[in-house]
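K.L.:
just need the structure, nothing else, for what follows:
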Amino acid sequence: MLTVGISDMVVTNDSSKVIITYSLGSCVGLSLHDSVAGVGGMVHCMLPLSKIDPEKAEMNPCMFVDTGVPRLLQEVYDMGATRKNLVAKVAGAGSPLGKNQVFKIGKRNYTVLRKVLWKNNILIKGENVGGSSARTLILNVLTGRTVVKMDGKELEL
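P.N.:
Numbering: from 1, shown residues only. Got it, this is the predicted structure:
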């Protein structure tokens with residue numbers, strides 16, 4: 001099991017591994033899987049745009065969606081994945097404090113994520129986003145099976 005922390009990323013071509021990230025509230029988790037290359041990766045981003053703190057983005061690009069997602073894409077490509085085989089799945093981007101959150105971080109994270117994937121010609125195959133519940137995102141690198149755990153339930157994406 002490989003655990004992805006907050007503002008962190010994991011990429012592997014070890015098919016015996018399962019990648020997991022916990023506590024996706026307003027944060028967004030993205031899993032990428034290429035079954036042909038046998039590569040899987042996951043990123044857990046906290047905030048939408050790096051322009052609020054370029055210095056932090058330089059030190060930890062996975063903190064921000066606009067720098068973390070391109071970094072994840074580059075890492076999976078470096079391990080042999082190809083765009084045409086990538087399957088993208090998303091979880092999180094919620095409002096843990098309710099709908100009336102002033103900054104709407106979750107919604108903004110999701111908007112930036114979709115924009116970055118769209119610019120890279122990658123469609124989201126499965127997602128579980130929004131709401132107020134925290135989620136756990138799990139990717140089995142061997143099968144590509146991606147699961148979200150939320151409110152005591154398990155949903156396949």
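
K.L.:
what about the residue nearest in space to the middle of the chain, helix or strand, and which?
P.N.:
The central residue of the chain, meaning the one whose C-alpha is nearest the mean C-alpha position (Cα atoms, centre = their mean), is residue 30 at 1.7 Å. If you go by DSSP states H and E, residue 30 is part of strand 28-34.

K.L.:
just checking, what packs against that strand?
P.N.:
Judged by 3 or more Cβ pairs under 8 Å, 6 or more residues apart in numbering; DSSP states H and E, the packing partners of strand 28-34 are strand 39-45, helix 65-78, strand 86-92, helix 105-119, strand 135-140. The C-beta positions use only the backbone N, C-alpha and C, and glycine is treated the same way.

K.L.:
the residue nearest to the centre of the chain contacts residue 71, correct?
P.N.:
No - between residue 30 and residue 71 no contact is recorded; they are 11.0 Å apart, counting by Cβ atoms under 8 Å.

K.L.:
so what sits against both of the two?
P.N.:
residue 43 (Cβ atoms under 8 Å, 6 or more residues apart in numbering).

K.L.:
so the nearest residue to residue 33 once chain neighbours are set aside: helix, strand or coil?
P.N.:
Of all residues not flanking residue 33 in the chain, residue 144 sits nearest, at 4.2 Å (Cβ to Cβ, 6 or more residues apart in numbering). The assignment at residue 144 comes out as coil when based on DSSP: H, G, I helix; E, B strand; the rest coil.
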